[in-house]
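Q: just coords:
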C-alpha cells in the first residue's frame, strides 16, 4: 500500500535552534517528493520538490534530503524563526496516472517555535 | 506567480443547505483538484478534473459533486450539507505532468451547523 509517514507528529523548539523533520514512504513507482509549509488556516505552500536523481535541495534556511534507496526524506530547518511555526507536509507522487490525483500526503508535522 | 483563488476564507452553513465552493486559477492549468483536510487525517482528494467538463472521483467523493464549465474555474458542490462535512477545503491546480506547477489555494474553512 502506498503510504507516507511523517515524524514527529509535533515538535516544539526554541527560536534560533535547528530541527529536522522526517518522512518515510512506501510509494512505488516513485516520481517525486515535495515538502510543503502550511500556516494555520492557510493553504500549503511548496518549499522543495525532489526527483529520484536529486538527494539535496535547499530553499533559504530549509534543506531537504532524499534517499531513494531507503525511501526516506528529511527537512532540516536552520536557525529557526517564529515564522517557521506551521505544519510541514511531505507529499510523494507516483508515476501512475500522470499528475491526475496520484499524490500521497503525509499527515504533517506541527512545528512550534517559541521565543 | 500562479494564483489559485478560493472565493471564501470562512463559511457557515446550515444542515441540508446546498453549498458551492468556488476555485479560480489564472495560469491556464489543465488539472484542478479539490481536497478536504481534517486533523489527524491529512489531505484527502475529493474530486479532480483534467479538462473542461471532465471530472474524476478521488478517494472520498460521497456527498460531493463538481462542475468545470470553464478551464479556469472548478466548483465543489455539497448537495445537502451535513455536519460531518465541516472541514478545511483546499483547491489546487497544475499543468499536466509538471510537479513544479502544483499550487494550492488559501483554503475555505466550512462549518456546517
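A: That came in fine, so what should we check first? On a predicted model such as this, the values are computed, not experimentally measured, just so you know.

Q: in stretch B:105-113, what's buried?
A: B:105-108, B:110, B:112 (16 or more other Cβ atoms under 10 Å in any protein chain shown). Any C-beta I mention is one placed from the backbone N, CA and C, and that applies to glycine too.

Q: Can you measure across that stretch, start residue to end residue?
A: Stretch B:105-113 has an end-to-end distance of 24 Å (Cα to Cα, to the nearest Å).

Q: ok, now which ones touch residue B:86?
A: With contact taken as Cβ atoms under 8 Å, 6 or more residues apart in numbering or on different chains, residue B:86 is in contact with B:110-112.

Q: Among the buried residues of stretch B:105-113, name the ones in strands.
A: B:108, B:110, B:112 (DSSP state E).

Q: I'd say residue A:77 and residue A:59 touch.
A: No - here residue A:77 lies out of contact with residue A:59, judged by Cβ atoms under 8 Å, at a distance of 10.5 Å.

Q: which of those two has more neighbours?
A: Using other Cβ atoms under 10 Å in any protein chain shown, the more surrounded residue of residue A:77 and residue A:59 is residue A:77, with 23 against 14.

Q: and the more buried one, what does it touch?
A: A:18-21, A:61-62, A:84, A:111.

Q: Rebuild the residues you listed as a markdown table, extending it with secondary structure and distance to residue B:17.
A: Output for those, formatted as a markdown table (DSSP: H, G, I helix; E, B strand; the rest coil; distance: Cβ to Cβ, whole Å):
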| residue | secondary structure | distance to residue B:17 |
| --- | --- | --- |
| A:18 | coil | 48 |
| A:19 | strand | 43 |
| A:20 | strand | 45 |
| A:21 | strand | 39 |
| A:61 | coil | 44 |
| A:62 | strand | 41 |
| A:84 | helix | 39 |
| A:111 | strand | 36 |
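
Q: Emit the ChimeraX select command for whichever of those residues are buried.
A: Filtering the contacts of residue A:77 down to the buried ones (16+ other Cβ under 10 Å) takes a single ChimeraX command:
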select /A:19,21,62,84,111
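
Q: Show me what from chain A comes close to chain B.
A: A:31-32, A:34, A:36, A:41-46, A:49, A:89, A:93, A:98-101, A:103, A:105-108 (Cβ under 8 Å from any Cβ of the partner chain).

Q: Filter those residues down to the ones in strands?
A: Per DSSP E, the residues of chain A next to chain B map to strands at A:31-32, A:34, A:36, A:45-46, A:49, A:89, A:93, A:103, A:105.

Q: Show the buried residues in those residues.
A: A:31-32, A:34, A:36, A:46, A:49, A:89, A:93, A:103, A:105.

Q: which of these sit farthest apart?
A: Within those, A:31 and A:89 form the most distant pair, 16.9 Å apart (Cβ to Cβ).

Q: Go ahead and flag the most central residue of chain B.
A: Nearest to the geometric centre of chain B sits residue B:34, at 2.9 Å (Cα atoms, centre = their mean).
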